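# Model the structure of this input:
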Amino acid sequence: MSALWIAHVTVTDPEAYGRYAARASAIIPAHGGTFLARGGRYRQMEGTDRPRNVVARFPSFEAAVACYESPEYQEVLAIARAAAVRDLVIVEETAP
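A predicted model of the protein is given here:
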């Protein structure tokens, strides 16, 4: 089954977060990830509002976890953590 990265982000340092996003834009596809949503229009229905929402699909749950745990992603994640408040969850898809 495929899996989704779902990230909700409040950017606190746009310049630094831009550096993270540029590098992550190459790392995620290298691990089989495809972006489905990056920013764009949204409406917060419940929970904490974070104005940047990102969804990426991976071929499997394992591929999504491997991408997140990869040394190259962990390196850029340090930039993101310093430049934003984020929540990220990996969810296995159940529908074909």
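# which parts of stretch 62-77 are buried?
Neighbour counts over stretch 62-77 (16 or more other Cβ atoms under 10 Å) mark 63-64, 67-68, 73, 76-77 as buried. From N, CA and C alone the C-beta is placed, and that goes for glycine too.
# how far does it stretch from start to finish?
Stretch 62-77 has an end-to-end distance of 19 Å (criterion: Cα to Cα, to the nearest Å).
# starting at the chain centroid, how far to stretch 11-22?
Remark: stretch 11-22 is offset 13 Å from the chain centroid, using Cα atoms, centre = their mean, to the nearest Å.
# Check which helices and strands the helix ranked longest in the chain sits against.
Using DSSP state H to define each element, the chain has its longest helix at helix 14-30. Where contact means 3 or more Cβ pairs under 8 Å, 6 or more residues apart in numbering; DSSP states H and E, helix 14-30 is packed against strand 3-11, helix 71-83.
# what about these, which gets the closest to Gly39?
strand 3-11 (9.2 Å; Cβ to Cβ).
# So for that closest one, what gets flagged as buried?
The neighbour-count check on strand 3-11 (16+ other Cβ under 10 Å) flags 3-9, 11 as buried.
# any chance of those in CSV, plus distance to Glu93?
Formatted as CSV, these follow (distance: Cβ to Cβ, whole Å):
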residue, distance to Glu93
Ala3, 6
Leu4, 6
Trp5, 12
Ile6, 11
Ala7, 16
His8, 18
Val9, 22
Val11, 27
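# so, if you compare those residues, which one comes nearest to Gly33?
Trp5 (7.0 Å).
# can you count the residues close to Thr94?
Using other Cβ atoms under 10 Å, Thr94 has 7 neighbouring residues.
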